[in-house]
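1. coords please:
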Amino acid sequence: MSRERGAIRRRAGHWGPMARLGLKMMFHDRAKLAGTLLGVIFATVLMIQQLGVFGGLLYKNTQLVDNAAADLWIVPPSTTQVTAAGSPLDISALTRARVTDGVAWAEPMLLGGAVMREPDGGTEAVTLIGTRLPRQAGGPWALVAGDASALAMPDTVIFEESQREELGGLDLGSVRELSNRRVTVGGFTWGLIPFGPSYAFASYETARGILRLADDQTTYVLVGVREGADPVAVQARLRDAVGRDAEVHTKAELHDLIVDDLIAAQLGVTFGTSTAFALIVGFVIVALSMFSAVVDNVREFGTLKAIGATTFDLTKLLIVQALLYALLGTTVGLFLATNMAEGIRSANLVLVIPPELVFGSYGIMALICVIASSLAVLRVRNIEPGMVFR
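-> Below you'll find the predicted structure:
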């Protein structure tokens, strides 16, 4: 250790010597290294898992807006979720939208609950979406069998593939009774399950017959903005056109409304608490491990102070150790969490791990580990250099 001591004398206040010494001390006690890394790994995996599930739940309920291929949505007043239809819109909203300056196209979309009667006499609910052909704004998407063009056939419906058995053992061409109307299975999607029954898709006319909605009513109006037109300006004109009978949202606004509503409905509290628990566990493990390492090496730290190292120099040593714990533990934790996410092949449980969460994990865990090292810093500050001579 004489080289490091000499370096400290010559370069007091520099990071290099203390960083190298910190790494050597860190890897010298491999048992404590493993224990601390396990704490960081556990915190990372639990944090990613909780936030990934939370992101998956949000996606399941925003995917209709995200995949409907519409720039603007005309919805009933006070709409915060699109997966459950509220009061229907008067069809005049569609007519007004089509004559509004800047609108390239406008199409109605139906959404409502329907009940599938199974061969054994049981029933299963679905959320039926009626889309106007040939544009098919509003879906279907994520097809894994059949083709969207099948909806042009009379009384044809596309169902969710992961619910085939729950819906009575469906196959392509199966004939079933949906809300007392005989329909033919024309295809399957995958992963389209919001909070509530899975999505099913039919042509606008077929869906109207199944949902028994009057000809002068619809659920939503989807709008495409003309190329070169300002969506916000078109939105303002549409608001003037529909008045108080409806609300007009951009795709991004409606997406955010849904997310805010879900977070307010206890989801944010539930997953926020679980994530905070993971971070607290990681903090405690790292703090105790680093404090214990200082206690076990108190004479070594006293020696460093005796040959010229300041408390700030030793703080640098601990910060380097904390950052390395964060880097190694987060990397391993992300590897385990992302592989766990890829291994989940369920339409009911989806982990969404965006790049922002991956990179943000490094920053969060680095901050947690550095803050956790403060307990060890307090112990280092109280070490007297003279203790080595006792």
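
2. any idea how the protein splits into domains?
-> Using automatic domain parsing, the domain parsing of the chain gives 2-61+265-389, 77-245.

3. ends of the last one, how far apart?
-> Counting by C-alpha to C-alpha, to the nearest Å, the length from the leading to the trailing residue of domain 77-245 is 7 Å.

4. quick one: average pLDDT of that domain?
-> Per-residue pLDDT values across domain 77-245 average out to 91.

5. what do you get for the longest one?
-> Domain 2-61+265-389 carries an average pLDDT of 75.

6. follow-up on the earlier one: can you put the domains of the chain in JSON lines and add distance to residue 69 and mean neighbour count?
-> For glycine as for every other residue, the C-beta is placed from the backbone atoms N, C-alpha and C. Shown next, in JSON lines, are the domains of the chain (distance: least, C-beta to C-beta, whole Å; neighbours: other C-beta atoms under 10 Å):
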{"stretch": "domain 2-61+265-389", "distance to residue 69": "17", "mean neighbour count": "18"}
{"stretch": "domain 77-245", "distance to residue 69": "5", "mean neighbour count": "18"}
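
7. Serialize those to TSV and add fields for distance to residue 254.
-> Written out in TSV, the entries for the domains of the chain read as follows (distance: least, C-beta to C-beta, whole Å):
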stretch	distance to residue 254
domain 2-61+265-389	11
domain 77-245	7
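
8. list the helices and strands the helix or strand where residue 111 lies packs on?
-> Assigned by DSSP states H and E, residue 111 belongs to strand 103-117. For strand 103-117, the elements it packs on are helix 92-98, strand 123-131, strand 175-178, helix 204-211, strand 217-218, strand 220-225, judged by 3 or more C-beta pairs under 8 Å, 6 or more residues apart in numbering; DSSP states H and E.

9. let's go with 6 Å and repeat that
-> Strand 103-117 sits against helix 92-98, strand 123-131, strand 175-178, helix 204-211, strand 220-225, with contacts defined as 3 or more C-beta pairs under 6 Å, 6 or more residues apart in numbering; DSSP states H and E.

10. contacting residues around residue 319?
-> Counting by C-beta atoms under 6 Å, 6 or more residues apart in numbering, residue 319 makes contact with residue 370.

11. downstream of the helix or strand where it lies, the next helix or strand is which one?
-> According to DSSP H and E, residue 319 maps onto helix 311-343. Counting by DSSP H and E, the element after helix 311-343 in chain order, helix or strand, is helix 355-372.

12. what about that next one, distance to the chain center?
-> 17 Å (C-alpha atoms, centre = their mean, to the nearest Å).

13. returning to what we had before: turn the helices and strands packed on strand 103-117 into a markdown table, including distance to residue 283.
-> A markdown table is the format used below for these (distance: least, C-beta to C-beta, whole Å):
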| stretch | distance to residue 283 |
| --- | --- |
| helix 92-98 | 53 |
| strand 123-131 | 42 |
| strand 175-178 | 53 |
| helix 204-211 | 52 |
| strand 220-225 | 46 |
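
14. out of those, which is closest to residue 156?
-> Of all the helices and strands packed on strand 103-117, helix 204-211 sits nearest to residue 156, with 7.0 Å by C-beta to C-beta.

15. show me what that closest one is packed up against.
-> Against helix 204-211 (3+ C-beta pairs under 6 Å, 6+ apart) you get strand 103-117, strand 123-131.

16. about what we covered before: wait, which of the domains of the chain is closest to residue 67?
-> Taking these one by one with C-beta to C-beta, domain 77-245 is closest: 4.5 Å.

17. which SS class is residue 282?
-> Under the three-state scheme (DSSP: H, G, I helix; E, B strand; the rest coil), residue 282 adopts helix.
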